[in-house]
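K.L.:
coords below, sequence missing:
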């Protein structure tokens, strides 16, 4: 078995819904989820999705300590498709795991959906018809997911684990968050966990105003939605550069497309004088590279 606090779980699709035109929610269930834990915030897990036409992923024995090497040795056209995603919610009574998939590509005759999708590259997975070739396998899987389809999940069994990055140090006076569609579920989770009255300044980049979501929080949050498309340069760094920020000691959490993340971090540290140790940054995906490409190159997505 994988060393605690991470273990493998079997889950099946219970139901799906479209949160926005570019965000699909998949609710997973099963008795195995009673063992699962989450830190909330930006808790990430590994999903192993079935290949097109399959109802469950082909996986190595999860009890093997070298499961990752064994998975890599399987035929890529047969093995379960691995992607990294953020837990949107882990529910009890009944036990349900909620994952939001940011969609991209086109569907149903040419409607464009949001680019970026879940953490790690093109973030798509699965089968389905009426979806263009630009959609990755997780996007295709999420669009086509039906109740009863099984997946494997590598997830924590302890609330305190190494699978989340939002860790503001003691003495933080205010929070800065940035995201695109791929990191929107993580921002939603972070906002839900902030203490009442905590000042937070948030910039979220989406491709269409219809992709905005309600983001409940008890924090004193100012949320700026930036509408962008794939043909224009990233807007997040410019928007922050033009903003008046609070005084005091900040903590910044930056996630999304890799080049945008680097630009925002460079501005905060180089121009705003943020302490490097108070800036957490994660490239959830890289323009032009899927998680499979990064794995093939020996990189973590």
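P.N.:
Structure received. Because the structure is a prediction, the values reported are computed rather than measured.

K.L.:
for the chain, what spans make up the helices?
P.N.:
For the chain, the helices defined by DSSP state H cover 67-73, 137-144, 184-193, 236-241, 258-266, 291-296.

K.L.:
From residue 49, how far out is residue 99?
P.N.:
According to C-beta to C-beta, to the nearest Å, residue 99 and residue 49 sit 11 Å apart. For every residue, glycine as well, the C-beta is placed using N, CA and C.

K.L.:
er, residue 141 I mean
P.N.:
From residue 141 across to residue 49, the span is 5 Å (C-beta to C-beta).

K.L.:
again with residue 255
P.N.:
22 Å.

K.L.:
quick one: which of the two has more around it?
P.N.:
Between residue 255 and residue 49, counting by other C-beta atoms under 10 Å, residue 255 is the more crowded of the two (29 against 26).

K.L.:
quick one, what contacts the more buried one?
P.N.:
Residue 255 makes contacts with 42, 178-179, 182-183, 186-187, 261, 281-284, as judged by C-beta atoms under 8 Å, 6 or more residues apart in numbering.

K.L.:
Please name the nearest non-neighbouring residue to it.
P.N.:
residue 183 (3.8 Å; C-beta to C-beta, 6 or more residues apart in numbering).

K.L.:
What is the burial count for that neighbour?
P.N.:
Neighbours of residue 183 (other C-beta under 10 Å): 30.

K.L.:
Tell me if I'm right that it and residue 256 touch.
P.N.:
Yes. Here residue 183 lies in contact with residue 256, judged by C-beta atoms under 8 Å, at a distance of 4.9 Å.

K.L.:
Check the contact lists of the two and give me the overlap.
P.N.:
Shared contacts of residue 183 and residue 256 (C-beta under 8 Å, 6+ apart): residue 284.

K.L.:
How many residues are close by the residue nearest to residue 194 when sequence neighbours are not counted?
P.N.:
Leaving out its chain neighbours, the residue that sits closest to residue 194 by C-beta to C-beta, 6+ apart is residue 219, at 3.8 Å. Applying other C-beta under 10 Å, we find 19 residues neighbouring residue 219.

K.L.:
Taking the contacts of residue 255 together, which two end up most distant?
P.N.:
Maximum pairwise distance among the contacts of residue 255 (C-beta to C-beta): 15.3 Å, between 187 and 283.

K.L.:
Could you check which of the two is surrounded by more residues?
P.N.:
Set side by side, residue 187 and residue 283 show more neighbours around residue 187, with 28 against 22, by other C-beta under 10 Å.

K.L.:
Tell me who's in contact with that one.
P.N.:
The contact partners of residue 187, taken as C-beta under 8 Å, 6+ apart, are 177, 179, 202, 204, 215, 255.

K.L.:
which of these has the most neighbours?
P.N.:
residue 255 (29 neighbours).

K.L.:
does that residue have beta-bridge partners, and which?
P.N.:
Applying DSSP bridges to residue 255 gives these bridge partners: residue 282.

K.L.:
just residue 225 next, same as before
P.N.:
According to DSSP bridges, beta-bridge pairing links residue 225 with residue 204.

K.L.:
Can you verify my assumption that it contacts residue 208?
P.N.:
No. Taking C-beta under 8 Å as the definition, residue 225 is not a contact partner of residue 208, at 10.3 Å.

K.L.:
Settle it for me: which of the two has more neighbours?
P.N.:
Between residue 225 and residue 208, counting by other C-beta under 10 Å, residue 208 is the more crowded of the two (17 against 13).

K.L.:
rewinding a little: list just the nearest of the contacts of residue 187 to residue 91.
P.N.:
Using C-beta to C-beta, residue 215 comes nearest to residue 91 of those, at 18.5 Å.
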